[in-house]
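**Student:** Following is a predicted model, sequence given first.
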Amino acid sequence: MSLLTTDSLETKIDQFREAITAGVDGIVRASEIYVEALDEDAANFLRFQEAFDDILPKSAWQQFEAVGRKWLHPKLILGGMADRRKANKIKLLTYNSQERVFDKERFALLVAGGDSIQVDMMEATHEQVNQLCGGKSIRNLSEQKAWLEAKALREENDKPETLPYVIEGGKVIFKRGVTLTRAEIKRLLQEM
């Protein structure tokens with residue numbers, strides 16, 4: 001097995017880049033043609049499926065339409081994001097916002113203490129993308145604050161209620177500094 005020289009490897013990388021770019025451009029153009037055909041007659045989707053059933057799965061046609069109508073960035077169908085959960089959030093954004101993500105634009109992310117940092121969604125964690133993406137748009141700092149507060153409230157409400165006592169073997173064990181109301185004592189007696 002021979003090793004490629006650095007110049008030869010760079011040439012191969014450039015050739016690969018050209019070929020893959022041409023492939024992406026071809027998918028975009030094919031998607032646009034498909035959408036034009038659908039706009040002429042909605043039944044054309046069946047004709048396209050039949051004409052290409054030997055090379056394209058039926059599930060691909062929905063994505064071709066989404067790319068052709070600029071609902072979905074082509075990098076999202078080519079595996080542009082390794083994390084499927086992040087990709088699903090990005091897919092919900094408008095096409096313009098998807099382009100901003102794939103152009104490596106940095107977005108303000110609210111962090112503890114009210115500060116913000118600039119993050120690239122391609123490098124962000126799933127939780128950070130959840131904070132940044134709100135449906136079809138990218139949340140600004142005030143929207144992120146509201147989202148974080150609502151999330152904290154949901155988490156607080158989901159916590160199990162901690163009682164100031166424990167009932168074991170017919171006995172009540174109180175935690176230190178417990179004060180009970182008449183209703184709480186009644187509830188305690190009902191539990192025994």
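**Tutor:** Arrived safely, thanks for sending. Residues are numbered from 1 along each chain as shown.
**Student:** what lines up beside the host helix or strand of I173 in the sheet?
**Tutor:** Applying DSSP states H and E as the criterion places I173 in strand 171-174. Taking DSSP bridges as the criterion, strand 171-174 forms sheet pairs with strand 165-168 (antiparallel).
**Student:** Tell me how far the partner strand lies from the chain's centre.
**Tutor:** Strand 165-168 sits 44 Å away from the centroid of its parent chain (C-alpha atoms, centre = their mean, to the nearest Å).
**Student:** likewise stretch 131-141?
**Tutor:** Using C-alpha atoms, centre = their mean, the offset of stretch 131-141 from its chain centre is 11 Å.
**Student:** and it, C-alpha only, in CSV?
**Tutor:** Provided in CSV are the C-alpha atoms of stretch 131-141 (Å, rounded to 0.1, in the frame of the first residue of the first chain):
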residue,chain,number,x,y,z
GLN,A,131,-32.4,26.7,25.3
LEU,A,132,-31.6,28.5,22.0
CYS,A,133,-34.3,27.0,19.8
GLY,A,134,-37.9,27.9,20.4
GLY,A,135,-40.0,26.4,17.7
LYS,A,136,-39.4,28.2,14.4
SER,A,137,-37.0,30.8,15.8
ILE,A,138,-33.9,31.3,17.8
ARG,A,139,-34.6,32.7,21.2
ASN,A,140,-33.1,36.1,22.2
LEU,A,141,-31.7,36.6,25.7
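**Student:** which parts of that stretch are buried?
**Tutor:** Q131, L132, C133, G134, I138, R139 (16 or more other C-beta atoms under 10 Å). Quick note: C-beta positions are derived from backbone N, CA and C, even for glycine.
**Student:** and if you look at stretch 25-39?
**Tutor:** Buried residues in stretch 25-39, counting neighbours by 16+ other C-beta under 10 Å, are found at I27, V28, A30, S31, Y34, V35, A37, L38.
**Student:** do the same with stretch 95-109
**Tutor:** S97, Q98, R100, V101, F102, F107, L109.
**Student:** can you redo those residues as TSV with distance to L76?
**Tutor:** What follows is those, written out as TSV (distance: C-beta to C-beta, whole Å):
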residue	distance to L76
S97	12
Q98	7
R100	13
V101	9
F102	9
F107	18
L109	21
